[in-house]
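Asker: no FASTA, just this:
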């Protein structure tokens, strides 16, 4: 069985279910992505958990989210 990798990103600007489905659809189209789960926080940062079979680059994720019209916000340490 192949190993899966979970990647969490924060996305700003998502306010509703339509936002969630747009972002999910773009991310699911990336090679290796098996599942996308969104913890919607309207008006704040929503946490998106991407389950994939390979490591995804931050730029890949960022571009997919941008394609849906939203912005990935870096995790501040």
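Answerer: Sure thing, it's come through. The shown structure was predicted, so the numbers you read here are calculated from the model rather than taken from an experiment.

Asker: helix or strand for the nearest residue to residue 62 once chain neighbours are set aside, which one?
Answerer: Spatially, and ignoring its direct neighbours in sequence, residue 62 is nearest to residue 72 (4.7 Å; CB to CB, 6 or more residues apart in numbering). All C-beta spots, glycine's among them, are computed from the backbone N, C-alpha and C. Residue 72 is part of strand 71-73, with elements assigned from DSSP states H and E.

Asker: give me the mean pLDDT for that strand.
Answerer: Mean pLDDT, strand 71-73: 94.

Asker: that one - contacts with which helices or strands?
Answerer: Judged by 3 or more CB pairs under 8 Å, 6 or more residues apart in numbering; DSSP states H and E, strand 71-73 is in contact with strand 5-12, helix 58-67.

Asker: coming back round to it: give me the beta-bridge partners of the residue nearest to residue 62?
Answerer: Beta-bridge partners for residue 72, by DSSP bridges, are residue 11.

Asker: that one against residue 60, yeah?
Answerer: No - using CB atoms under 8 Å, residue 72 is not in contact with residue 60, being 10.6 Å away.
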